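Undergrad: turn this into a model:
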Amino acid sequence: MDLERYKPADVEALTAFLRDADLTLSGLDAPSVRLWLDRDEAGVIVGSTGYEISGDGHHALIRSVAVSPMQRSRGRGGGLARFALDRAVEEGANRAWLFSRRSGPFWRKLGFESVANDQLTEALADTHQVRLFQQTGQLEREFAWSRALTAI
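TA: Below is the predicted model:
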């Protein structure tokens with residue numbers, strides 16, 4: 001998988017891509033957010049992945065894992081998720097977390113287990129996504145997932 005690191009010039013295209021995927025747009029340009037893009041031959045974004053690292057560096061909030069509809073069912077989503085998990089391990093994180101209302105079976109295949117939302121919000125209180133979900137009331141509609149991080 002040949003991914004490129006997100007650059008500020010990508011903000012409009014990535015925002016549109018993530019909006020179409022119904023994923024969080026908060027903090028895309030924050031220093032704590034790491035994002036990578038997968039593009040097709042024409043340069044159009046067909047996948048994205050990333051995470052937001054906690055202030056202490058021990059926790060990674062996986063986010064922005066998305067594949068365009070025409071590229072799904074080819075293993076790309078799993079590859080994108082594993083890429084983000086591996087980068088988080090390289091950065092020193094020892095636990096991954098995420099919110100997902102619709103993709104529990106996908107994340108379970110990657111070793112994630114359902115956890116109480118307050119466990120995630122306690123570990124990642126300083127992240128953009130957690131703060132946004134708390135401010136907007138979206139947290140009450142979310143499902144939290146977590147797994148220990150080791151090299152995959």
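
Undergrad: next up, the contacts around the residue of the chain most remote from its centre.
TA: Centroid-distance maximum for the chain: A42 at 24.4 Å, with C-alpha atoms, centre = their mean. By C-beta atoms under 8 Å, 6 or more residues apart in numbering, no residues touch A42. Bear in mind the C-beta positions are built from the backbone N, C-alpha and C, glycine included.

Undergrad: could you measure from it over to A123?
TA: Separation of A42 from A123 (C-beta to C-beta, to the nearest Å): 39 Å.

Undergrad: next: D22.
TA: 24 Å.

Undergrad: which one's more surrounded, these two?
TA: A123 (21 against 9; other C-beta atoms under 10 Å).

Undergrad: can you count the residues close to the spatially closest residue to that one that is not a sequence neighbour?
TA: Among residues not flanking A123 along the chain, H59 sits closest, at 4.7 Å (C-beta to C-beta, 6 or more residues apart in numbering). When counting by other C-beta under 10 Å, one arrives at 24 neighbours for H59.

Undergrad: so who does H59 touch?
TA: I53, A93, N94, R95, A96, W97, A123, L124.

Undergrad: could you list the low-pLDDT ranges of this protein?
TA: For the chain, the stretches with pLDDT under 70 are 1, 72, 151-152.

Undergrad: now do the helices in it.
TA: 11-20, 76-91, 104-109, 117-123, 128-136 (DSSP state H).

Undergrad: ok, which of those helices comes nearest L3?
TA: Taking C-beta to C-beta, helix 76-91 is the member of the helices of the chain nearest to L3, at 6.3 Å.

Undergrad: in this protein, which residue is closest to the centre?
TA: By C-alpha atoms, centre = their mean, the most central residue of the chain is R63, 1.4 Å off.

Undergrad: now the helices of the chain as a markdown table including distance to A148?
TA: Compiled in a markdown table, the helices of the chain are given as follows (distance: least, C-beta to C-beta, whole Å):
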| stretch | distance to A148 |
| --- | --- |
| helix 11-20 | 27 |
| helix 76-91 | 10 |
| helix 104-109 | 14 |
| helix 117-123 | 12 |
| helix 128-136 | 20 |
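
Undergrad: max-length strand in this structure?
TA: strand 45-53 (DSSP state E).

Undergrad: mind giving me the packing neighbours of that strand?
TA: On a contact count with 3 or more C-beta pairs under 8 Å, 6 or more residues apart in numbering; DSSP states H and E, strand 45-53 meets helix 11-20, strand 33-39, strand 59-62, strand 66-67, helix 76-91.
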